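> Sharing a sequence plus its predicted fold:
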Amino acid sequence: MSAHPDLFCEKHLLKPRLVRKSLFYYDVRCRLKNCPHEFVTGISEAVGLIGSGGIFELQRDRIYINLWSESDKKAGNADIDILEIRDTAGINYDYAINAVLVSLKNDAPRPSGYVRQIPVVIYGNPPIPEGAMRILDHEFGEIRHGERIKC
């Protein structure tokens, strides 16, 4: 993994882990057991989205993953480096932010402080209720306001 640090499982949206095979040999695997899928290489940053259309999109060395489906009212799970919240009509941001937080925290193999290390970037002026902003401030890393959308 040190030779290929920018790997990402496209099927499960997770970063790999090292599995010891013998005394000196490790295997690089998806965090989900028995995942036979190949890794996407060259991913330096995984961006989780609330308020975007597609499931995921690759752009250069970034992968953009939609963590919220408004039509299904379901949150997805992924190993992300940044959470972006975009101004999109028709989204209940209070519900979406809570559901994404629960999904990220309920992934047992993650370290306990994982979510607290994820910065949040807010694009546009989404109608985020005060309670949801407090949750973002308390549970996630720093909150920044972006000026332009990159994908």
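Done, it's in. Just so it is clear, the structure is predicted and the values come from calculations on it, not from any experiment.
> so residue 12 sits right up against residue 38, yeah?
No: the pair formed by residue 12 and residue 38 falls short of the contact definition of C-beta atoms under 8 Å, at 12.0 Å. Backbone N, C-alpha and C define where each C-beta goes, glycine included.
> These two: which has the busier surroundings?
When residue 12 and residue 38 are compared for neighbours, residue 12 comes out ahead with 15 against 11, by other C-beta atoms under 10 Å.
> Show the contacting residues for that one.
Contacts for residue 12 were tallied using C-beta atoms under 8 Å, 6 or more residues apart in numbering; they are 30-32, 35, 37.
> Of those - the most surrounded one?
The member of those that has the most neighbours, counting by other C-beta under 10 Å, is residue 30 with 22 neighbours.
> Let me see the backbone angles for it.
Dihedral angles of residue 30 (phi, psi; degrees, to the nearest 10) stand at phi -70, psi 150.
> what's across from it in the sheet?
residue 16 (DSSP bridges).
> Right, I'll call it a day here.
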